[in-house]
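1. quick check, what structure comes out for this input:
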Amino acid sequence: MPQAVTLIRIGSNVRVDLDRVKDRIPSTLARKLSENPRGKIVDYKMTDGQGIGLVLELSDGSTSWFFDEEIDRA
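-> Numbering: from 1, shown residues only. Next up, the predicted model:
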């Protein structure tokens, strides 16, 4: 039986765990996150059918999505 997922609310401020994402993101995004890893959840994204990603608005106004396990609740 599938396990229920507890989503973080849209509008919540969170922090990206850079150690968990640095192997899959472009170097420009890694630099941006190393300066400020905080963002605000603005939407959800279906991933590969196995979960739901979180779309974050970063401090510079850009958006990027991350897996739930890559996010720390701030």
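2. so in this structure, which helix runs the longest?
-> helix 27-35 (DSSP state H).
3. flag the shaky bits of this protein, pLDDT-wise.
-> Counting by pLDDT under 70, the ranges of the chain that qualify are 1-5, 74.
4. check contacts around the residue nearest the centre of it.
-> Most central residue of the chain, judged by C-alpha distance to the mean C-alpha position with C-alpha atoms, centre = their mean, is residue 66 at 3.3 Å. By C-beta atoms under 8 Å, 6 or more residues apart in numbering, the contact list for residue 66 reads 16, 21, 53, 54, 56. C-beta coordinates here come from the backbone N, C-alpha and C atoms, glycine included.
5. please redo it, this time with the cut-off set to 10 Å
-> Applying C-beta atoms under 10 Å, 6 or more residues apart in numbering, one finds that residue 66 lies in contact with 14, 16-17, 20-21, 24-25, 33, 39, 41, 45, 53-56.
6. among the residues you listed, which lie within helices?
-> Among these, the members falling in helices (DSSP H) are 20, 21, 33.
7. what sits up against stretch 38-51?
-> For stretch 38-51, the surrounding residues in contact (C-beta under 10 Å, 6+ apart) are 2, 5, 7-16, 33, 52-60, 62-69, 71-72, 74.
8. do that again at 7 Å, thanks
-> The contact list for stretch 38-51, computed with C-beta atoms under 7 Å, 6 or more residues apart in numbering, reads 7-16, 52-59, 63, 65, 67-68, 74.
9. now do stretch 10-27
-> Under the criterion C-beta under 7 Å, 6+ apart, residues 8, 30, 33-34, 37-43, 56, 66, 69-74 lie in contact with stretch 10-27.
10. out of those residues, list just those in strands.
-> Judged by DSSP state E, strands contain the following of those: 38, 39, 40, 41, 42, 43, 56, 66, 71, 72, 73.
11. buried subset of these as a ChimeraX selection?
-> To isolate the buried members of the ones in strands among the contacts of stretch 10-27 in ChimeraX, using 16 or more other C-beta atoms under 10 Å:
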select :39,40,41,56,66,71
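12. now for the ones in strands among the contacts of stretch 10-27: which two are most distant?
-> Considering C-beta to C-beta, no two members of the ones in strands among the contacts of stretch 10-27 lie farther apart than 43 and 72, which are separated by 18.8 Å.
13. thanks a lot, see you next time.
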